[in-house]
Structures are given as structure tokens and as C-alpha cells.
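Participant: make a model of this:
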Amino acid sequence: MRSRPNSGNVGFVMIERVVAVAAACAVLALSGSSAAEPPPQIAFRLDYHANLPERGCPNADEFGLILAGEFGYLLVRDDAAATLRIETRTNGRGIEAELSAPNPAEDGEWRRVVTSQDCRELLYDAATLIRIRFGPGGWQGEEPPPWLLAPPVFEVESPELRMVMPEAFLDSMAGEPSEAPLTPWEGTAPRWAQQAPGPAGEEQTALQMEGALGPAMSLYGLPSVAVGGSGMVGLRWQRFALGMDVRALITPALGIGEPPAPGRTSVVNIALLGCGIAKFIDLCAVVNGSRLNFDLDKVGQLQSADTSSLGFGGRIAARWQFSSRFTLLGYTDVSGEIRNIVFRAARLDAPTIPAYYWRSPSMRVALGLAVSAFLFD
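Facilitator: So this is what the prediction gives:
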């Protein structure tokens, strides 16, 4: 047993342990090629209670590896008959570990208590003590009891399968006699299905069709903020996509132009998209056409409004695929309109006097959120 109260020696001790593990592995490898009969191996189930994680105690898997380094093989097994119990606890300013296992020499249990200032060094000392008692040197020429021996390991090899189709069947499939010998798996599919794989690194271009529905809104470009919804269909490949988007919006607030005319504006926008795909982001070029409708109440009448427009812009869309079929996407559209829409309205009591006026800006900004689904697998 080695006691190392000085924490400055921990690094040296760790190097010493690594060298010990490497030496044990080397001895194990050499013993596998030796003609001498190896010593009997024992095995334990591990009942491990390291109740001091804040003191740097190794977990159960790490302690199993520490034991393997001491014995030269994996000592801890779930199918073992005997159980090794280890429990750590504080002891004043230090730490102690209580070890217990069935006593192979007589009835009762084998118990030991190990103390140290460092929990990891404490468990290295515990592993050394277990090797001294239960390792090959602890039997003094005797065999360990049967209940302590490691259970045998059974290896089951898969049988070799050879499937050879009758030559008559292959000749009927190919239309000509087969002269070359068949490999084990040849003939399990028609000749047209036995194609060699494509060039290495060649990308698959699987086509997917998707549809999406969700709310949308216009922040800029109409007389006021407009809300509504949009629907989209598209074709997606691995690196690019094509789609069409239809959006219908209406301004909830009354008021068109200056002074505010009592009425609402609605718009239908149809956009064609060509997108490049980069992981979770789609970057799209957009061509859109739109038509505005001005709905006035009885206090005013529409005098003139050129309501058709064409625009070009871009879309950035973020995508989150939360299942194999469904994707949540959010997008922002920015487009420049090639013509301005002019709205004029007159009062009913003075139809010759232009009372209301609005001219659309040259840019529109819209936001949207949608759930898309792949329409075919």
C-alpha cells in the first residue's frame, strides 16, 4: 500500500499508473502467444458508491479500467457470481474507501479500509489491494473457488451463406448461355439490376416536392401594416430549389393616404422563387407580380388608382426540420417595385376636389412563417 498525502506527487503517481497499465497490457499480449497455460481469471460484479464527485472520485467505468490495468484483463463483468462492493466517504480531512467481497478462503466477507488525501489515488491503492488478495499471487498454488472464476465467453460465428441460382434460370433471364462461373451472390437479381455503383463522390439528385401554409404580414410598401397568409409549392433538390408563393394580405386599420381616406387596402402577390440551399438557410431570387384593391366606404369615391405592379428582389428563409416530413420555416422578403401605384379619392359632396392621395414607395418588405410538408416520400 502506498500513502501519498502530498498532492504534489499526484502527477508522478499518475505517470507511474499509466506505465503499470501499459506493462500489464504488454504482459497480457505476450501471454496470449505463449504456450504456457494462463492463470485462472476471476470476475466480480461491481457495487460502486463514489459519493464524493466533488473530490474527483472516478466513476464506476473508470474504476473498472483501473482494475483491468492491475489484473491485465477486464475483471468487472455483469455475468459474474461474486460482488465487489466499494464505498467512499470522508474521514476527517481525508477520504476513506471501504472494500468488501466474499472471502474465498473461509466463510464471511473480506473487508479492508483504505485512506488517502486524494480520491483518485485512494482508488488506485484500493485496486492494488484487491490485486494482492485476489490476483494470482494470492492463491499460493491453489485454485480460486468456482463461484469466483470468470464465466466462459462464447463466440458465435455467422455461417457463410452462398446463394447460387440454377444455370437454366440465369440463361433464361439473360437470353444467352452463361460461361463465366458465378460468384456467391451473383444471380440473385436480373442482369439489368446488377449495375455497378456510380463514380465515387457522385451526388444523388433525389427530387422532393413540398407544400407550405402559414401567416404573413407586410411591414412596408402598403398604406399601413397588412396581415394575412401565404401558400407555397416547390421542388427541392440537394443544392437548389424552385417554388411559387401566393400571398394575400389586408390592412386592418382604416386609412389610406393623406389625409387618411376611410377605407382598407388588400393585395394579392404571386412570386416565383429560385433558391440556393446552404444547410438550414435558403437564399432565393424572387420575381413577383401584385395587384392592390382599395375598398372605400360611403364617404368617398375612388377617382384613380393604377393597382398593378411588378417587382424583383430576394428572400432569406431559415428552415428547421422537426420530423422526417415536416419543416418549420421563417422568411423575409425584400423587393423593389418597377412602378409606383398612385391612389386618389374624392369626397362625395365635392367630387371635383381631390381630397385623398397616396403614392406607393419603391420597396416592399414582408415577413412570413409557415409549416411545410414533403408531399411524397
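Participant: so which strand or helix has residue 213?
Facilitator: With the criterion set as DSSP states H and E, the secondary-structure element containing residue 213 is strand 208-220.
Participant: return the list of strands paired to that strand, each annotated with direction.
Facilitator: Strand pairing for strand 208-220, determined by DSSP bridges: strand 226-236 (antiparallel), strand 363-374 (antiparallel).
Participant: next, the buried residues of it.
Facilitator: Buried positions in strand 208-220, judged by neighbour count with 16 or more other CB atoms under 10 Å: 210, 212, 214, 216-218. Backbone N, C-alpha and C define where each C-beta goes, glycine included.
Participant: what are the contacting residues of that strand?
Facilitator: Taking contacts as CB atoms under 8 Å, 6 or more residues apart in numbering, the residues outside strand 208-220 that touch it are 225-237, 247, 249, 267, 327, 329, 361, 363-376.
Participant: list only those of these flagged as buried.
Facilitator: Burial of the contacts of strand 208-220 was assessed by neighbour count (16+ other CB under 10 Å); the buried members are 226, 228-230, 232, 234, 236, 247, 249, 267, 327, 329, 364, 366, 368, 370, 372, 374.
Participant: need the contact list for residue 293.
Facilitator: Applying CB under 8 Å, 6+ apart to residue 293 gives the contacts 265-267, 307.
Participant: for residue 263, see how far away it is.
Facilitator: For residue 293, the distance to residue 263 (CB to CB, to the nearest Å) stands at 10 Å.
Participant: quick one: contacts for residue 41?
Facilitator: Residues in contact with residue 41, defined by CB under 8 Å, 6+ apart, are 71, 73, 149-150.
Participant: repeat that with 10 Å
Facilitator: With contact set as CB atoms under 10 Å, 6 or more residues apart in numbering, residue 41 has these partners: 71-75, 77, 136, 144, 148-151.
Participant: between the residues you listed, which is nearest residue 280?
Facilitator: residue 74 (43.2 Å; CB to CB).
Participant: that closest one belongs to a helix?
Facilitator: No - judged by DSSP: H, G, I helix; E, B strand; the rest coil, residue 74 forms no part of a helix; its state is coil.
Participant: tell me which residues touch it, please.
Facilitator: Listed by CB under 10 Å, 6+ apart, the contact partners of residue 74 are 41, 43, 64-65, 67-68, 150.
Participant: re the thing from before, looking at the strands paired with strand 208-220, spot the one closest to residue 83.
Facilitator: Within those, the stretch nearest residue 83 is strand 363-374; the backing value is 53.2 Å (CB to CB).
Participant: quick check: mean pLDDT of the closest one?
Facilitator: The predicted model assigns strand 363-374 a mean pLDDT of 95.
Participant: could you do stretch 295-313 as well?
Facilitator: Averaging pLDDT along stretch 295-313 yields 74.
Participant: swap in stretch 68-79?
Facilitator: Regarding stretch 68-79, the rounded mean pLDDT is 85.
Participant: measure how the host helix or strand of residue 330 sits relative to strand 208-220, angle-wise.
Facilitator: Using DSSP H and E, residue 330 sits within strand 326-337. With axes from the mean of the first three to the mean of the last three CA atoms, to 10 degrees as the criterion, the two stretches strand 326-337 and strand 208-220 enclose an angle of 50 degrees.
Participant: given strand 326-337, what are its sheet partners and their directions?
Facilitator: The strands that strand 326-337 pairs with in its sheet are strand 308-321 (antiparallel), strand 363-374 (antiparallel) (by DSSP bridges).
Participant: could you dump those to TSV with distance to residue 86?
Facilitator: Output for these, formatted as TSV (distance: least, CB to CB, whole Å):
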stretch	distance to residue 86
strand 308-321	46
strand 363-374	53
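Participant: of the ones you listed, which is nearest residue 129?
Facilitator: Taking the strands paired with strand 326-337 one by one with CB to CB, strand 308-321 is closest: 54.9 Å.
Participant: quick one on the thing from earlier: so for residue 84, which of the strands paired with strand 208-220 sits nearest?
Facilitator: strand 363-374 (54.1 Å).
Participant: can I get the closest one as PDB, trimmed to CA atoms?
Facilitator: Only the C-alpha atoms of strand 363-374 are listed here, as PDB (Å, rounded to 0.1, in the frame of the first residue of the first chain):
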ATOM      1  CA  MET A 363     -39.600  49.000 -51.900                       C
ATOM      2  CA  ARG A 364     -41.700  46.400 -50.100                       C
ATOM      3  CA  VAL A 365     -40.800  44.300 -47.000                       C
ATOM      4  CA  ALA A 366     -42.700  41.200 -45.900                       C
ATOM      5  CA  LEU A 367     -42.400  38.600 -43.300                       C
ATOM      6  CA  GLY A 368     -43.800  35.100 -43.100                       C
ATOM      7  CA  LEU A 369     -43.900  31.900 -41.000                       C
ATOM      8  CA  ALA A 370     -45.000  28.500 -42.400                       C
ATOM      9  CA  VAL A 371     -45.100  24.800 -41.900                       C
ATOM     10  CA  SER A 372     -44.100  22.800 -44.900                       C
ATOM     11  CA  ALA A 373     -44.600  19.100 -45.600                       C
ATOM     12  CA  PHE A 374     -43.000  16.800 -48.200                       C
END
